[in-house]
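Asks: Need coordinates for the below:
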Amino acid sequence: MVLREQLATAIYFNDTGDLVIRQKQWPGEDNLIFVAPNCQQEFIDKLTDALGIPSFGGPTR
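Replies: Modelled structure (predicted):
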């Protein structure tokens, strides 16, 4: 087995431009992560670094 059952996960932008990651938690409340617009690039950079995906494009820091 490569992947076991995974909780439903959604990624979207809310009305204020926050990146929202929502994971379904039945029967309780869903888990939510909000990433403000000014932090999204750094969040994605750190996420891809953690996954071993090399950076490309965009501004350098």
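
Asks: in what helix or strand does the residue nearest the centre of the chain lie?
Replies: Nearest residue to the geometric centre of the chain (CA atoms, centre = their mean): residue 21, 5.2 Å. In the assignment (DSSP states H and E), residue 21 maps to strand 19-23.

Asks: Which strands and helices lie in contact with that strand?
Replies: strand 9-13, strand 31-35 (3 or more CB pairs under 8 Å, 6 or more residues apart in numbering; DSSP states H and E). Yep, even glycine has a C-beta here, placed from its N, CA and C like the rest.

Asks: can you tell me which of those strands comes nearest to residue 52?
Replies: Closest to residue 52 of the helices and strands packed on strand 19-23 is strand 9-13 (CB to CB; 19.9 Å).

Asks: The closest residue to the residue nearest to the centre of the chain other than its chain neighbours: how many residues sit nearby?
Replies: What sits nearest to residue 21 in space, not counting adjacent residues and going by CB to CB, 6 or more residues apart in numbering, is residue 33, at 4.3 Å. The local packing of residue 33 (other CB atoms under 10 Å) involves 12 other residues.

Asks: my guess is residue 33 contacts residue 14, does it?
Replies: No - at 11.7 Å, residue 33 does not count as touching residue 14 under the criterion of CB atoms under 8 Å.

Asks: which residues do these two both contact?
Replies: Common neighbours of residue 33 and residue 14 are listed as residue 20 (criterion: CB atoms under 8 Å, 6 or more residues apart in numbering).

Asks: Relative to residue 47, how far out is the residue nearest to residue 21?
Replies: Distance from residue 33 to residue 47, counting by CB to CB, to the nearest Å: 11 Å.

Asks: Then residue 35?
Replies: For residue 35, the distance to residue 47 (CB to CB) stands at 10 Å.
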